[in-house]
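Engineer: structural data only, the sequence is not supplied:
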C-alpha cells in the first residue's frame, strides 16, 4: 500500500528490533568482540545493565534490601548520521534518530550489523521481530481543534466538557493477515507557550512473535510487512490536514 512521502516527517526515532533465543553457552565476551568490530563506526560505547531489587520481610516487617546489577550488553552511538545500536544477549536493536531519512537507509544500516551479530553470538533462533516508530507532531495552539488533525481521539463522556488538556492511550490490534500485532500509543504533552504549539506523540510498534532460523532471509521480508502495518497505523491516525503539515 502506497502512502504519501513526508519530507518533514515528524519521526524522532525509527528502529528495527530482532529478539533471539541464545544458546546455553553464550558469553558476554562474544558481544565484546562485536563491540570492538563496530567501534570505528560507533565510537561512543556504554554498558547496558539490568537491575534487580528485592526487599526481605520477617513477621510483616522489612528486614533488609538487596540490589543486583548485571551487565546485559552494550549501547553504541554515533552522531553523523545519528544511529544507536544495542547489542544485548536478548537480541539486536538498530535505531535511527532525528533526522530520519527513509526505510531503505535504516535497513541498509541494520543488515550488516545483524549479519555480524548472528555470526558472533550464534543464537539458537529468532523469537520476535519488530519495527517501532516514535512520531512527535506539533500543532498550532491557536483555535486548536484536534479533530482537524487526528482521526482517533480518546472519547470524552457526554456529561463532561468536550475539551482535552491531556491524554495517554494505548491500543493493541492483531493483524490476521500476518499474525503480527500493532501497538499504538498516543500522548498529549503540555502546551509550549514559547513556540505556541501543542505536541502529540504517536508511538507505533509493529511486531510478531515467531520461531525462525537465525540465518533466514525471511526476517527482512517480515520487517517490510511490519513497516507497511506501521504506515497504515500512522496514516490511519491523522487527517489530510496533518499530512500537509509535514510534506
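Structural biologist: Right, received. Where do you want to start? The shown structure was predicted, so the numbers you read here are calculated from the model rather than taken from an experiment.
Engineer: can you list the low-confidence ranges for this structure?
Structural biologist: Where the chain drops to pLDDT under 70, the residues are 1, 53-64, 66-67, 162.
Engineer: this structure: helices as residue ranges?
Structural biologist: Here the chain has its helices, by DSSP state H, at 28-38, 103-121, 218-235, 240-245.
Engineer: what residue is smack in the middle of this structure?
Structural biologist: In the chain, the residue lying closest to the centroid (CA atoms, centre = their mean) is residue 132, at 3.5 Å.
Engineer: ok so, going back, figure out which of the helices of the chain is closest to residue 46.
Structural biologist: helix 28-38 (10.4 Å; CB to CB). The C-beta positions use only the backbone N, C-alpha and C, and glycine is treated the same way.
Engineer: could you say what helices and strands the closest one packs with?
Structural biologist: strand 61-78, strand 83-88, helix 103-121 (3 or more CB pairs under 8 Å, 6 or more residues apart in numbering; DSSP states H and E).
Engineer: what is the orientation angle of that helix with helix 103-121?
Structural biologist: Orientation note: helix 28-38 sits at an angle of 140 degrees relative to helix 103-121 (axes from the mean of the first three to the mean of the last three CA atoms, to 10 degrees).
Engineer: hmm, back to that, got the contact list for the residue nearest to the centre of the chain?
Structural biologist: Residues in contact with residue 132 (CB atoms under 8 Å, 6 or more residues apart in numbering) are 13, 14, 15, 17, 203, 204, 205, 206, 207, 230.
Engineer: return the set of residues that bridge with residue 14.
Structural biologist: residue 96, residue 133 (DSSP bridges).
Engineer: now it: how far from residue 130?
Structural biologist: Separation of residue 14 from residue 130 (CB to CB, to the nearest Å) stands at 12 Å.
Engineer: what's the answer for residue 160, then?
Structural biologist: 37 Å.
Engineer: try residue 163
Structural biologist: 35 Å.
Engineer: okay, those two: which has more neighbours?
Structural biologist: residue 130 (23 against 7; other CB atoms under 10 Å).
Engineer: correct me, but the more buried one touches residue 206?
Structural biologist: Yes. Look at residue 130 against residue 206 with CB atoms under 8 Å: they come within range, at 6.6 Å.
Engineer: what residues do those two have in common as contacts?
Structural biologist: Counting by CB under 8 Å, 6+ apart, the contacts common to residue 130 and residue 206 are residue 226.
Engineer: related to what we said a few turns ago, out of the contacts of residue 132, who's the most crowded?
Structural biologist: residue 206 (27 neighbours).
Engineer: can I assume that residue is in contact with residue 231?
Structural biologist: No. Taking contacts as CB under 8 Å, residue 206 lies outside contact range of residue 231: 9.2 Å.
Engineer: quick one: neighbours of residue 77, just the number.
Structural biologist: Using other CB under 10 Å: residue 77 sits among 15 other residues.
Engineer: name the nearest residue to it, ignoring sequence neighbours.
Structural biologist: Among residues not flanking residue 77 along the chain, residue 44 sits closest, at 3.9 Å (CB to CB, 6 or more residues apart in numbering).
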